[in-house]
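Asker: what follows is a predicted protein model with its sequence.
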Amino acid sequence: MKYEGYITRQGEMVAKAKRLEDKRIPTELDYTAITGLKREAQTKFNSVRPITLGQAARISGITPADISLLAVWIERSHRREE
(Lines give C-alpha, C1' and ligand atoms only; values in the text may rest on other atoms or scores of the structure.)
Protein backbone atom coordinates (compact mmCIF):
# COMPACT_ATOMS: atom_id res chain seq x y z
CA MET A 1 0.00 0.00 0.00
CA LYS A 2 2.79 2.39 0.90
CA TYR A 3 4.43 2.29 -2.55
CA GLU A 4 1.35 1.68 -4.67
CA GLY A 5 1.34 5.20 -6.13
CA TYR A 6 5.00 4.96 -7.09
CA ILE A 7 4.51 1.57 -8.71
CA THR A 8 1.52 2.82 -10.70
CA ARG A 9 3.41 5.88 -11.89
CA GLN A 10 6.40 3.74 -12.89
CA GLY A 11 4.10 1.44 -14.87
CA GLU A 12 2.67 4.43 -16.72
CA MET A 13 6.17 5.68 -17.55
CA VAL A 14 7.10 2.25 -18.94
CA ALA A 15 3.96 2.20 -21.10
CA LYS A 16 4.73 5.68 -22.43
CA ALA A 17 8.31 4.68 -23.24
CA LYS A 18 7.01 1.62 -25.10
CA ARG A 19 4.69 3.78 -27.21
CA LEU A 20 7.55 6.14 -28.03
CA GLU A 21 9.82 3.25 -28.92
CA ASP A 22 7.40 2.04 -31.57
CA LYS A 23 6.37 5.45 -33.01
CA ARG A 24 7.98 5.73 -36.45
CA ILE A 25 9.45 8.96 -37.81
CA PRO A 26 8.76 9.72 -41.49
CA THR A 27 11.95 9.26 -43.52
CA GLU A 28 11.41 12.51 -45.45
CA LEU A 29 10.95 14.65 -42.33
CA ASP A 30 12.76 17.99 -42.50
CA TYR A 31 13.94 18.59 -38.93
CA THR A 32 14.83 22.22 -39.68
CA ALA A 33 11.12 22.93 -40.29
CA ILE A 34 10.20 22.02 -36.70
CA THR A 35 9.78 25.32 -34.88
CA GLY A 36 11.12 25.35 -31.35
CA LEU A 37 13.58 22.53 -31.92
CA LYS A 38 17.10 23.50 -30.90
CA ARG A 39 19.66 23.85 -33.68
CA GLU A 40 21.82 21.19 -31.99
CA ALA A 41 18.91 18.74 -32.02
CA GLN A 42 18.15 19.53 -35.68
CA THR A 43 21.77 18.83 -36.61
CA LYS A 44 21.90 15.56 -34.67
CA PHE A 45 18.58 14.33 -36.05
CA ASN A 46 19.65 15.17 -39.61
CA SER A 47 22.97 13.36 -39.23
CA VAL A 48 21.61 10.25 -37.44
CA ARG A 49 18.17 10.07 -39.15
CA PRO A 50 16.50 7.93 -36.44
CA ILE A 51 13.72 5.58 -37.52
CA THR A 52 11.66 5.71 -34.30
CA LEU A 53 11.17 8.14 -31.44
CA GLY A 54 12.83 5.59 -29.17
CA GLN A 55 15.99 5.75 -31.24
CA ALA A 56 15.82 9.54 -31.32
CA ALA A 57 15.53 9.65 -27.52
CA ARG A 58 18.77 7.68 -27.15
CA ILE A 59 20.85 10.16 -29.16
CA SER A 60 23.38 11.90 -26.94
CA GLY A 61 22.41 15.51 -26.20
CA ILE A 62 18.75 15.10 -27.14
CA THR A 63 16.41 16.23 -24.36
CA PRO A 64 12.92 15.01 -23.47
CA ALA A 65 11.65 18.40 -24.67
CA ASP A 66 13.18 17.73 -28.11
CA ILE A 67 11.43 14.35 -28.25
CA SER A 68 8.13 15.91 -27.19
CA LEU A 69 8.37 18.54 -29.93
CA LEU A 70 9.21 15.88 -32.48
CA ALA A 71 6.30 13.67 -31.34
CA VAL A 72 3.83 16.56 -31.54
CA TRP A 73 5.12 17.54 -34.98
CA ILE A 74 4.74 13.98 -36.29
CA GLU A 75 1.22 13.70 -34.84
CA ARG A 76 0.15 17.03 -36.38
CA SER A 77 1.54 16.16 -39.79
CA HIS A 78 -0.16 12.76 -39.61
CA ARG A 79 -3.52 14.42 -38.85
CA ARG A 80 -3.10 16.89 -41.73
CA GLU A 81 -2.56 14.01 -44.15
CA GLU A 82 -5.84 12.36 -43.15
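Answerer: Nice, I can see it. Residues are numbered from 1 along each chain as shown.

Asker: the nearest residue to Ala17 once chain neighbours are set aside - how many residues pack around it?
Answerer: Once flanking residues are discounted, Ala17 sits nearest to Gly54: 7.5 Å by C-beta to C-beta, 6 or more residues apart in numbering. For the C-beta atoms, the positions are set from N, CA and C on the backbone; glycine is no exception. Counted with other C-beta atoms under 10 Å, residues neighbouring Gly54 total 18.

Asker: what helix or strand is the residue nearest the centre of the chain on?
Answerer: In the chain, the centroid-proximal residue (C-alpha atoms, centre = their mean) is Ile67; its distance is 3.3 Å. Taking DSSP states H and E as the criterion, Ile67 maps to helix 64-81.

Asker: still on that earlier bit, for the residue nearest to the residue nearest to the centre of the chain when sequence neighbours are not counted, give its distance to Glu4.
Answerer: Among residues not flanking Ile67 along the chain, Ala57 sits closest, at 5.0 Å (C-beta to C-beta, 6+ apart). According to C-beta to C-beta, to the nearest Å, Ala57 and Glu4 sit 28 Å apart.

Asker: compare these two (neighbour count), which wins?
Answerer: Between Ala57 and Glu4, Ala57 has the larger neighbour count (other C-beta under 10 Å), namely 18 against 8.
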